[in-house]
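Participant: Model the structure of this input:
(2 chains)
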Amino acid sequence: MVVFDKPNGLTDAPFHYCPGCTHGIIHRLVAEALDELGVTDKTVGVAPVGCSVFAYNYFNCDMIQAAHGRAPAVATGVKRGEPDCIVFTYQGDGDLAAIGTAETVHAAARNENITVIFVNNAIYGMTGGQMAPTSLPNQVTQTSPYGRDVTVVGYPVKVCEMLSQIDGATYLERVAVNDVKNIRNAKKAIKKAFKYQMEGKGFSLVEVLSTCPTNWGKTPKESLKWLEENMKPYYPLGVYKDKFANEEAK
Amino acid sequence: MAKVTFREDRCKGCGLCETACPKNIIKLSKERINQKGYHPAEVVDQDACIGCAFCATICPDLAIKVEK
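Facilitator: Sure thing, here's the model as predicted:
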């Protein structure tokens, strides 16, 4: 009996990501969720600009690649044009929390019936490890070699907390992928987000805390530990908003 | 009997599977090098495997298949 194998929602192309980068895990969780809900064939994904720009090579569903930060706007168009499709965006923190803040906030405010997978690794990965809006205070990056100085460049953006203040947003949860337990929880959250979309409940965003061993300057194993010790206290995991929590509990 | 199969050409030797294995039976090969130039992960004691699939769950490169 096969206990674990590659989901059908992913192609057989090998990922181009660095060794130990958890993008691969998150890709798989999305594909598994789509497979289990039986909607892979009618799903349209929107790839961002960033390391995951080539996501269209890996997902076995229709994909579009959007301009930097504009994935929620593109997804809005797709969903409104083809309401029967399941539409998701897959975005990093440089894409969603920096140049794409406006698109994200307004897609949530309009309660667009789309799912956003937000991969937060606290750094700009593809461009070479510059400070991102989500970089932690005192975090050393290429552009903050003495650590992020919050008196000069301000504080990190906490996306789930920010969007939870918007009436439109339906479901917001923050998860992590640094150990098996967290990966299982992440899968549940991603599946729930897609389920809400299928039921027409509105905007859902799952923020996934991820690692970037290359630009953090750590080994893959150290990166898992760094996420646990540094990112998790600053970005607490949990459900930030769930309009239908009571209904689900029944 | 649990069986773990590695698609070694996909393995990047990151070693995340080593951290997840509750039986500590996965190690990066010291002698062999795969097509990509990494030392691939391998199971050193297949009989001790319990088929939990933790290694496959944390593998970012879909390199592991688990059968029971």
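Participant: Now do the helices in the chain.
Facilitator: Using chain A here. A:23-37, A:71-81, A:93-94, A:101-109, A:150-153, A:159-163, A:180-198, A:213-216, A:220-226, A:232-234, A:245-249 (DSSP state H).
Participant: oops, I was thinking of chain B
Facilitator: With DSSP H as the criterion, chain B has helices spanning B:16-20, B:54-58.
Participant: I'd like those written out as TSV, with mean neighbour count, mean pLDDT and distance to A:Asp149 added.
Facilitator: Placement of C-beta: from N, CA and C, glycine included. As requested, these are exported to TSV (neighbours: other C-beta atoms under 10 Å in any protein chain shown; pLDDT from 0 to 100; distance: least, C-beta to C-beta, whole Å):
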stretch	mean neighbour count	mean pLDDT	distance to A:Asp149
helix B:16-20	22	95	33
helix B:54-58	24	96	35
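Participant: To chain A, which of these lies closest?
Facilitator: helix B:54-58 (4.1 Å; C-beta to the nearest C-beta).
Participant: so what secondary structure elements neighbour the closest one?
Facilitator: strand A:2-4, helix A:180-198, helix B:16-20, strand B:64-67 (3 or more C-beta pairs under 8 Å, 6 or more residues apart in numbering or on different chains; DSSP states H and E).
Participant: mean confidence for the longest one?
Facilitator: To tie it back to what came earlier, the one meant is helix A:180-198. What helix A:180-198 shows for mean pLDDT is 97.
Participant: can you list contacts of that helix?
Facilitator: A:25-26, A:29-30, A:32-34, A:36-37, A:39, A:86-88, A:113-115, A:117, A:170-171, A:173, A:175-177, A:202, A:204-206, A:208, A:237, A:244, A:248, B:20, B:54, B:57-58 (C-beta atoms under 8 Å, 6 or more residues apart in numbering or on different chains).
Participant: contacting residues for A:Thr170?
Facilitator: A:111, A:196, A:201-204, A:241-244.
Participant: can you do 10 Å?
Facilitator: A:Thr170 sits next to A:108, A:111-113, A:193, A:196-197, A:201-205, A:241-244 when contact means C-beta atoms under 10 Å, 6 or more residues apart in numbering or on different chains.
Participant: What is the burial count for the nearest residue to it once chain neighbours are set aside?
Facilitator: If the residues on either side of it in the chain are set aside, A:Thr170 comes closest to A:Gly202, at 3.8 Å by C-beta to C-beta, 6 or more residues apart in numbering or on different chains. A total of 19 residues lie near A:Gly202 under the criterion other C-beta atoms under 10 Å in any protein chain shown.
Participant: Likewise for B:Gly37?
Facilitator: 8.
Participant: does it really touch B:Gly13, like I thought?
Facilitator: Yes - at 8.9 Å, B:Gly37 counts as touching B:Gly13 under the criterion of C-beta atoms under 10 Å.
Participant: Check the gap between A:Gly200 and chain B for me.
Facilitator: Separation of A:Gly200 from chain B (C-beta to the nearest C-beta, to the nearest Å) stands at 31 Å.
Participant: burial of that residue, as a residue count?
Facilitator: Neighbours of A:Gly200 (other C-beta under 10 Å): 8.
Participant: Which among the contacts of helix A:180-198 count as buried?
Facilitator: Buried by 16 or more other C-beta atoms under 10 Å in any protein chain shown: A:25-26, A:29-30, A:32-34, A:39, A:86-88, A:113-115, A:117, A:170-171, A:173, A:175-177, A:202, A:204-206, A:208, A:237, B:20, B:54, B:57-58, out of the contacts of helix A:180-198.
Participant: Not counting its neighbours along the chain, what's nearest A:Asp84?
Facilitator: A:Lys42 (6.5 Å).
Participant: Kindly report the same for A:Met126.
Facilitator: With C-beta to C-beta, 6+ apart as the criterion, A:Met126 has its nearest non-adjacent residue at 4.6 Å, and that residue is A:Cys51.
Participant: My guess is the one you found contacts A:His27. True?
Facilitator: No - counting by C-beta under 10 Å, A:Cys51 sits too far from A:His27 to count as a contact (11.2 Å).
Participant: re earlier: confidence-wise, which of the helices of chain A is weakest overall?
Facilitator: helix A:245-249 (a mean of 79).
Participant: Good, we can wrap up now.
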